[in-house]
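Trainee: Pasting the sequence and the predicted model now:
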Amino acid sequence: MALELEYDRSLYGKEHEAGPFEVTEDMIISFNQSISQSGACYNDRDAAVKAGYRGIIAPPTLCTLFVRRVQLPDINLKFGKTRFHGGQRVQAKTPIVAGDSISASSHLKDVYAKTGRSGTMVFIVWETTFKNQLGEVVADVQESYAARE
């Protein structure tokens, strides 16, 4: 018998927007240092321009810094006493470049139960699309949160 999940289903289809977030060279260089990204196009403006970019580029995971700035509503899930981050996937689309102004739009993608050796957990999946000032999608990020009894 499938677990009947109780939560606010009216949140499906609603977009939660945030931004714009200004991307600076200093931000990119600092992020690159934190993840040991040493490529020339990521750290040297001249090399990036020579390679055809508008400026130094950021690793696609830079947008994960902005995910936390999107205020997502509580889905009022009637399950579980413990909640935790269940994972994240970043799908790069177009390079993020120093000088970009990034906006975010998040929506509830899925809520589902999964039973394993440790019992039943419910996963809440949010998807956030990031666009630059030109309207280009730079990345899609899926974040999962888990609830367990």
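Mentor: Yep, that arrived.

Trainee: where exactly do the helices run in the chain?
Mentor: For the chain, the helices defined by DSSP state H cover 25-35, 40-43, 45-50, 64-67.

Trainee: what's the offset of the third one from the middle of its chain?
Mentor: Right, the one you point to is helix 45-50. Put simply, helix 45-50 sits 27 Å off its chain's centre (C-alpha atoms, centre = their mean, to the nearest Å).

Trainee: counting contacts, what elements does the helix or strand of the chain with the lowest mean pLDDT pack onto?
Mentor: The helix or strand of the chain with the poorest confidence is helix 64-67; it has a mean of 89 (mean pLDDT, DSSP states H and E). Judged by 3 or more C-beta pairs under 8 Å, 6 or more residues apart in numbering; DSSP states H and E, the packing partners of helix 64-67 are strand 16-22, strand 82-92, strand 101-116, strand 137-148. From N, CA and C alone the C-beta is placed, and that goes for glycine too.

Trainee: just to revisit the earlier point, need the helices of the chain in TSV with distance to A92 and mean neighbour count, can you?
Mentor: Listed next are those as TSV, based on distance: least, C-beta to C-beta, whole Å; neighbours: other C-beta atoms under 10 Å:
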stretch	distance to A92	mean neighbour count
helix 25-35	14	14
helix 40-43	13	17
helix 45-50	16	14
helix 64-67	12	18
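
Trainee: Run through the protein and note the low-pLDDT ranges.
Mentor: Applying pLDDT under 70 to the chain picks out residues 1-2.

Trainee: what's the closest non-adjacent residue to the residue positioned nearest the centre of it?
Mentor: Nearest to the mean C-alpha position of the chain, counting by C-alpha atoms, centre = their mean, stands V141 at 3.5 Å. Distances taken as C-beta to C-beta, 6 or more residues apart in numbering put T128 closest to V141, at 4.7 Å, once the chain neighbours are dropped.

Trainee: Return the residues in contact with that neighbour.
Mentor: Contact analysis of T128 by C-beta atoms under 8 Å, 6 or more residues apart in numbering lists C63, V67, V70, A104, S105, S106, D140, V141, Q142, E143.

Trainee: Filter those residues down to the buried ones.
Mentor: For these, a neighbour count by 16 or more other C-beta atoms under 10 Å gives the buried set as C63, V67, V70, A104, S106, D140, V141, E143.

Trainee: Tell me if I'm right that the third one and C63 touch.
Mentor: Looking back up the chat, that one is V70. No. V70 is beyond contact range of C63, at 10.7 Å (criterion: C-beta atoms under 8 Å).

Trainee: Done for today, thanks.
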